[in-house]
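Participant: Here is the input, now give the coordinates:
(2 chains)
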Amino acid sequence: MAQKTSTTDSLFNSMNNDGSKGPITVFESPRFILTQSTETIKKNNLNVLVIHRFGDAAGNLGGGKTFFGLDAVADVYIGFEYGLTNDLNIDIGRSTIPTVGGLVSAQLKYAVLHQTSDGSSPLAISVLGQTGVRPYNTYSSFSDRMSYFAQAIFARKFSHSFAFQVAPSILYDNLPNPNVPGNENTIFSLSATARLKVTKLMSVVVDYAHPFSSFRNNNAGFSDPLGLGIQVVTGGHVFTLNVTNSRAVSEMNYLSNTASDFGRGQYRLGFTISRMFDFNHKEKYNPK
Amino acid sequence: MRYICIILLTLFNITKTDQDLYTCKNARITLFSKALIEDIKATTSTGVSVFNAETGELNFSALISAFQFEKAFMQQHFNSDYMESDKFPRAIFKGKMQEHIDLTRDGIYPVSVVGELTVHGVTQKRTIQGSVTIRNGIISMASEFMVKCADHHIDIPQILFYHIAESIKVTVSATYNPYKNIP
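Facilitator: So this is what the prediction gives:
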C-alpha cells in the first residue's frame, strides 16, 4: 500500500518536472524616466504615451514666478508603441523641444533574450535602433536634420523587488547638437537604471546616463542626466512621477545636450502617463 | 521453468500495478472572476493529473504561468502581482477519492475528493466535489469549485483598475489514459 502511494506520487512528481522555466517579466513598463527598459509591448498591443517635463523648478527660470516650473513646459513627448510580435516593437513619437526644432522619431526594438525563472538565462537583453528628424528650424540641408541612435539593454531581476539594467548606446547626429565648433557627431553613452518595488504596484526608480564626450568634459555647463521617480502600475496604465535635471525626453536630445544642472536649481517635475490598448479580439482568443 | 514462472509472475504483477494508474497531461483548467468592469477569464490546457484507481489517490497540478488571459497585461499582473509565479510556479492538489468506482461500468458518478490544495505557496485542506464519467472504459473527470484569495494569502491591490473577485471560480476537466510504464 505504501509502495502504491509512492508510485502515484513519484509519477506525479516526474510529470511536474518540466515546463516551469518560462520567461519572467523583469520590469512593469517599457520606459523609465529617461531610459527604455528591456520590456516590449506584446503582440497587437498599443501603448500610448504622454511624457511631460515642466520648466525649471528653481534657479533663474524657476521659483514663484513660474509656480516652480509648472507654468513652463520644457518638453512634451507623445508616442505610440505597437507590438508587431511579442518581441518586436515599432515606436513612433514626437518631442516638442523647441530649441533644436522639435523631434520626430521612429524606432524598432527587439527583445533578444528573456530572463528565465530557472536561471538558464540570467539576463534579459533588448536592442533598439532609432531615427530622428527635426521638422522645424532652418537647416542648410535635409540630412542636417537627422539623428541616429542605437542601444543595447542588459537587465536582470535580482529579487522580487529589485531589478537593475545597464544600457550602452551610440548616438550619431549629422549636425552636432548643440552646433558649436569642437562638438562631436558621435557620442557613446552608458545608462544605468535601478528599480525597487516598495509595494506590489509602486516602485522607486533611479535613472542615470553618462555621455563619454571630451567636448562635454572640457566645456562647462553640461551635466549628466539623472532622474528619480515613483512608478505606479494600475493594470493597463502606468504613471510615473519624477524629478530630473533633463529638459528633454528623447535620448537624442538629453544625451547630447543636457545643460541643466541640479546644483543650479535646474531640475523639474515630470510625469509619464501610459495607456495600453489590447487589440487581441476575444474571437481570436483561443488558447490551445 | 521456475525462473520463467517468476519472471512471468513479476511481469504480470507490474502490469497489474500499472493498470491502476491513469494519467492526464492536458487537463483543461479555467479561472473565472466576476468583476465590475470586465469579467476576467483564463484558461490552460496543460494541467497534469494522476489517478490511482485502486487507492483513490487523485493529484492535480497546473503551471501558473501557462494560464492564458485575454489581455497580455492581465496575464502579467496575474503572474507578477497576484500569484508571484516566479516564487510559486505551480498550483497543486493532492487528494483521495472517497468513493470507489467500478471502472468497468459506464455511468456518471458524483464523487468527493478530500485533500490539500496548495496555491501561492499556501496549503489548505479541502473537500472538492466533482464527477467521474466512465464511457467505454475511458475515465474523465469534471469539477467546479471556488478558491478564496484570502485563504491562500493572495492580496488584491485596491488601486488596480481590473479588480479580481475575492473568490475565483475554478473549473477542471480531464480525460485520462492508462499509464503505460515503458522501462
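Participant: Does B:I64 touch B:R90 like I think?
Facilitator: Yes. Applying C-beta atoms under 8 Å, one finds B:I64 in contact with B:R90, separated by 6.5 Å. Heads up, the C-betas are built off the backbone N, CA and C, glycines and all.
Participant: Show me which of the two is the more surrounded one.
Facilitator: Between B:I64 and B:R90, B:I64 has the larger neighbour count (other C-beta atoms under 10 Å in any protein chain shown), namely 22 against 18.
Participant: nearest spatial neighbour of the more buried one, skipping sequence neighbours?
Facilitator: B:S85 (3.9 Å; C-beta to C-beta, 6 or more residues apart in numbering or on different chains).
Participant: separation between the one you found and A:F162?
Facilitator: Taking C-beta to C-beta, to the nearest Å as the measure, B:S85 falls 18 Å from A:F162.
Participant: So for these two, which residue has more residues nearby?
Facilitator: It is B:S85, of B:S85 and A:F162, that has more neighbours when counted by other C-beta under 10 Å, with 23 against 13.
Participant: quick one, what contacts that one?
Facilitator: The contact partners of B:S85, taken as C-beta atoms under 8 Å, 6 or more residues apart in numbering or on different chains, are A:S117, B:I64, B:S65, B:F78, B:N79.
Participant: residues in contact with residue 82?
Facilitator: Picking chain A for this. Taking C-beta under 8 Å, 6+ apart, we find A:Y82 in contact with A:I41, A:N45, A:L46, A:N47, A:N89, A:I90, A:D91.
Participant: Hmm, no, I was thinking of chain B.
Facilitator: For B:Y82, the contact set (C-beta under 8 Å, 6+ apart) comprises B:H120, B:C149, B:I154, B:D155, B:I156, B:I164.
Participant: repeat that for 6 Å
Facilitator: Contact analysis of B:Y82 by C-beta atoms under 6 Å, 6 or more residues apart in numbering or on different chains lists B:I154.
Participant: Does A:T240 touch A:G270 like I think?
Facilitator: No. Using C-beta atoms under 6 Å, A:T240 makes no contact with A:G270, being 7.9 Å away.
Participant: Chain B: which of the contacts of A:Y82 is nearest?
Facilitator: Nearest to chain B among the contacts of A:Y82 is A:N45, at 5.8 Å by C-beta to the nearest C-beta.
Participant: Tell me what the nearest residue to that closest one once chain neighbours are set aside is bridged to.
Facilitator: Spatial nearest neighbour of A:N45, excluding adjacent residues (C-beta to C-beta, 6+ apart): A:G83 at 4.7 Å. Legend: beta-bridge partners of A:G83 under DSSP bridges are A:N89.
Participant: And A:G83, how close does it get to A:T40?
Facilitator: Applying C-beta to C-beta, the value for A:G83 to A:T40 is 7 Å.
Participant: How about B:Q76?
Facilitator: As judged by C-beta to C-beta, B:Q76 and A:T40 stand 12 Å apart.
Participant: ok, those two, which is more surrounded?
Facilitator: More crowded of B:Q76 and A:T40, by other C-beta under 10 Å: A:T40, with 24 against 18.
Participant: from what I can see, the more buried one looks like it's in a strand, true?
Facilitator: No. A:T40 is assigned coil when assessed by DSSP: H, G, I helix; E, B strand; the rest coil, not a strand.
Participant: So it is in contact with A:V112, correct?
Facilitator: No. With contact defined as C-beta under 6 Å, A:T40 does not count as touching A:V112 (10.4 Å).
Participant: Pretty sure A:V243 sits against A:G229.
Facilitator: No. Counting by C-beta under 6 Å, A:V243 stays clear of A:G229, with 7.1 Å between them.
Participant: higher neighbour count, those two?
Facilitator: A:G229 (23 against 16).
Participant: re the thing from before, take the contacts of B:S85 and keep only those in strands.
Facilitator: In strands, judged by DSSP state E, none of the contacts of B:S85 are found.
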